[in-house]
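Visitor: whatever this is, show me its structure:
(chains A and B)
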Amino acid sequence: MKVMHQRRLLVCIGLLFISMGFTVANAQGFQVNFQGQKQQGMGCAGSGLIQDASTLFFNPAGASFVSTSQVNVATTPIFANVMYVDSATNEMYRTENPVGTPLNFYALVKPKRIRRLAYGLSVTTPFGSTVQYEPGWIGRFAITRLSMKVFHIQPTASFKITDNISIGAGFVFSPGSVNLQKDLPVQFNDGTFGHAEISGAAMGYGYNLGVYYNPGGFLSAGLSYRSGINMSVSDGQVDFTVPEGLAPNFPNGTLSASLALPSVTTLGLNIKPNASWNIVADINYVGWNTYDTLAFDYATNTSSLVDTKSPRMYKNIFAFRGGIQYAVFDKDKVLNVRLGGGFGFSPVPTGYLTPETPDGNRAYFTSGISYEFNKHFSFDASIYATKITRADTNLETQLSGTFTTIAWAPGIGINYNW
Amino acid sequence: MKRQYLYILFLLPLLLACKPKAPTHVVDAGTADFTKFIAIGDGHTAGYMDDGLSLDGQKNSLGAMIQQQLMMAGAPAIEMPWMSDQNIGLSLNGLSRLILGYKTDCQGISSLSPVRVSLQGETSALTSSAYNPSKKYSNFGVPGVRMIDMVSTAFGNINLPQHNPFFARMSKDQFNLPGSGNYSSVQENIFDGGYPTFCSIYLGIEDVLPYARSGATQHPMSPLAGFPGVGFEESLTQLCEQLYGQNVNAVIATIPNISDWPFFNTIPYNGLTLDAEKAASLNQIYNPIGISFVVGANPFMVADPNAGMFGVRPAVPGEKILLTAPLDSVKCNQMGSIFPFRNEFVLTTDELATIQLRIDEFNAVIRQKATSYGFALVETGDFYDKLTTGFAYNGATLSAKFVSGGAFSLDGIHLNPRGNALLANEFIKAINKKFSAKIPLINALNYNAILFP
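Guide: Residues are numbered from 1 along each chain as shown, chains lettered A, B, ... in the order given. Sure thing, here's the model as predicted:
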């Protein structure tokens, strides 16, 4: 029976991997804050309330407070629609984003002999973006499509120093890939535009640290720090589609680039007035200021193809998240219902808004539900919704208009405990 | 709490709409009335580009671009003396338009270069009248027309050598036979059958440009003073009075600094590149008169009657070598070195200053008229200055560079469709400001720049 379950799980994980690709519009910058269904139900907060193996990501110290070994798999398809209205021409364009599918997989093991220890492995997608604009859109020379995928593979260990306090640490392997496309303002004889596609695999390394305090009563709290990660593309490829007469100016070839993922510091609190209620709040401090430039260094330069350094000038930001959870107990079955929301400041300063990340200050709302069928199996679901509006004139491209984004993200997850 | 309620709570976020709703925009003519719009001007307004007038050029002309936007606020459909859809084009010299193609130079090296699309221009346009009494033109752009030509009855008279063929084919006179009647001026044609309600006026470039294009050797610039038809100021006053008297509103544009255009800036004054052997042989010739050459970049040699007994000297920074300079002769026949560039290929700093002074005088008049008649004013100089520096536009970079700049056509003088769209936006901005109108600008990236083989 147990073998059966595990096999099914593996199939599920496999299916989820097939359709990878995430969309913008789920968090600040190109951060994706969908790493746990229970947290997603409460405004993506919950670093202070340890309920399942997703703590491996949120706060590695919490792992030793999870009562059982468990496997947790979840996905959150993102439906994001961006509309751009150009301020000079009134022209309106939309994105044709594919459905994004952030994934998380957690395996947490509690060794029988050392009850204070827990270790585990997580595979998450905390950064990423796929944004694709409709053909011929006004910003086509800035970008037509960006697909960026980052996986965090994190082996983690957590240890209870006392009955109330634990620490945890994880090492993060961060493979990723990027594909960026745009049209070039050079025209074939039939009037069609040239095109450039940059693609490459990236790799980065980081770590995740945490402290968790839970005296088992009214209050529990956690503090975690995920390091920044420098994703470097060392062997990228650039392909140009240009008229024959211009081919010598745009040689296909290799390039290198790097992208700095920000550090995230999180303080999480959980207040538990009684057995049925939990009130959670998280404060995130995201170190976006490492993302000051997006640079591409082409192996072969020509008069038309020079290395580019586009200023991004992101700034560090705070995000506030919170939610409530209400539990209904029915014999050994438990139903949890959650509501939450949050507010995050945009790391993108005025003058630096780009269509690749049409970010803005955002408020969002979430809801969630969980059901424990028995002591082994439980099921989670969540819904996230947000609307963001941001007007800006980009200093580099002079693209001037208003981006409006509506994003939906209904998520589901399953847990198996033993 | 009942479980049903809990499930409803879970579905709460679904209250948000799925897609952002498209906003509605108000387009408004403000205090202006565009119902009878006419664009008045020269080749820019007509759509002359790539050294020719063609159907594609007309459709993408400055006049058509402005009118197309005003059509959202009541302007009528565009009526022009259309050329044929073969798009061969017709230059002022009877040649076809230029396209970018491959050209093999005197050394047998093939490279991208402007070439004529056909052996002959669309000369049939010169012998068939495009006038249609039932359709009034909304675009009186006439390639080559000067401010002082506007009231000239000789301008459309095909019996006179100085007539303008582009005007003759659209004039209501329809190629009158010799002695069969009087010929009418451009202005008479514009006002024939009723006054417009709104005009765009972009005149004056041709009053100075032919002089500059000839290296200041031919086609004297129009004088500032003199009667209508002779002097620039009186000619403009006469046009403005006519419009003002009929309550016609207008947008009028100043004359840009034409010497910033690629025609005057593509060949650098020091474009004579020499290797050691060539430098040595030139030094043998020129050292005796105190001129020496180095390996690398050197100033071209130009003819100058005031330059000593040989009448030759090196070009100096700031001087312009024109795009008409024969580059094949430079490469293979020592033009610009042993044989100096003739005056017709060079604008000296003195000549440039004379031209600039005249432009400044004309512009002072244009600005003064705009103020006194209440017309919207477009400072084209600001636009061309921006282009000379280069600027980003919706992710693309545009500049005044020949071919690669993406705004000028292959003649280095007239804008290409994208450039016209950008300049038309300056007209729209001026109209919006002066007449409190709300007319959206053009997305210039929807229009072609330079097409590459």
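
Visitor: can you give me the distance of the closest residue to chain A within the stretch 251-400 of chain B to residue A:127?
Guide: At 3.5 Å from chain A, residue B:395 is the closest residue in the stretch 251-400 of chain B, using C-beta to the nearest C-beta. All C-beta atoms are positioned from the backbone trio N, CA, C, and that covers glycine. The gap separating residue B:395 from residue A:127 is 24 Å, by C-beta to C-beta, to the nearest Å.

Visitor: cool, residue A:81 as well?
Guide: 21 Å.

Visitor: ok, these two, which is more surrounded?
Guide: The neighbour comparison of residue A:81 against residue A:127 (other C-beta atoms under 10 Å in any protein chain shown) goes to residue A:127, with 24 against 19.

Visitor: quick check, pLDDT for that one.
Guide: Looking at residue A:127, its pLDDT stands at 89.

Visitor: tally of neighbours for the residue of the stretch 251-400 of chain B closest to chain A?
Guide: If you count neighbours by other C-beta under 10 Å, residue B:395 ends up with 22.

Visitor: give me the number of residues near residue 235?
Guide: Here I'm looking at chain A. Residue A:235 is flanked by 12 other residues according to other C-beta under 10 Å.

Visitor: that answer is for a different chain, and I need it for chain B
Guide: Using other C-beta under 10 Å, residue B:235 is surrounded by 27 other residues.

Visitor: so where's the chain uncertain?
Guide: I'll assume chain A. A:1-28 (pLDDT under 70).

Visitor: let's do chain B instead
Guide: For chain B, residues meeting the criterion pLDDT under 70 lie at B:1-2, B:176-181.

Visitor: again, only using 80
Guide: For chain B, the stretches with pLDDT under 80 are B:1-18, B:174-182, B:308-309.

Visitor: around chain B, pick out the residues from the stretch 201-350 of chain A.
Guide: Listed as neighbours of chain B in the stretch 201-350 of chain A under the rule C-beta under 8 Å from any C-beta of the partner chain: A:242, A:243, A:244, A:245, A:246, A:304, A:326, A:328, A:335, A:337, A:339.

Visitor: now rank the residues you listed by neighbours and give me the top one.
Guide: For those, the largest number of neighbours (other C-beta under 10 Å) sits with residue A:337, at 23 neighbours.

Visitor: okay, the residues of the stretch 201-350 of chain A next to chain B in TSV with secondary structure and distance to residue A:315 next?
Guide: TSV is the format used below for these (DSSP: H, G, I helix; E, B strand; the rest coil; distance: C-beta to C-beta, whole Å):
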residue	secondary structure	distance to residue A:315
A:242	coil	37
A:243	coil	41
A:244	helix	45
A:245	helix	44
A:246	helix	39
A:304	coil	33
A:326	strand	37
A:328	strand	43
A:335	strand	42
A:337	strand	37
A:339	strand	31
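
Visitor: how is chain B carved up into domains?
Guide: Domain assignment for chain B by automatic domain parsing gives B:37-264+B:349-446, B:272-347.

Visitor: closest to residue A:388 out of these?
Guide: domain B:37-264+B:349-446 (21.5 Å; C-beta to C-beta).

Visitor: could you report the neighbour count for residue 67?
Guide: Chain wasn't specified; assuming chain A. When counting by other C-beta under 10 Å, one arrives at 9 neighbours for residue A:67.

Visitor: hmm, no, I was thinking of chain B.
Guide: Look at residue B:67: counted by other C-beta under 10 Å, it has 25 neighbours.

Visitor: before we move on, what SS does it have?
Guide: The local conformation at residue B:67, judged by DSSP: H, G, I helix; E, B strand; the rest coil, is helix.

Visitor: so it makes contact with residue B:37?
Guide: Yes - here residue B:67 reaches residue B:37: they are 5.8 Å apart, a contact under C-beta atoms under 8 Å.

Visitor: who touches both of the two?
Guide: Listed as contacting both residue B:67 and residue B:37 by C-beta atoms under 8 Å, 6 or more residues apart in numbering or on different chains are B:75, B:138.

Visitor: residue B:76 against residue B:38, yeah?
Guide: No - Residue B:76 lies out of contact with residue B:38 (C-beta under 8 Å); the separation is 9.7 Å.

Visitor: common neighbours of these two, please.
Guide: Residues touching both residue B:76 and residue B:38 (C-beta under 8 Å, 6+ apart): residue B:138.

Visitor: looking at the two, which is more packed in?
Guide: Taking other C-beta under 10 Å, residue B:76 and residue B:38 do not tie; residue B:38 has more neighbours (25 against 16).

Visitor: so that one is in contact with residue B:195, correct?
Guide: No - assessed by C-beta under 8 Å, residue B:38 is found out of contact with residue B:195, at 9.1 Å.

Visitor: so what's the residue count around residue B:8?
Guide: By other C-beta under 10 Å, the residues close to residue B:8 number 12.
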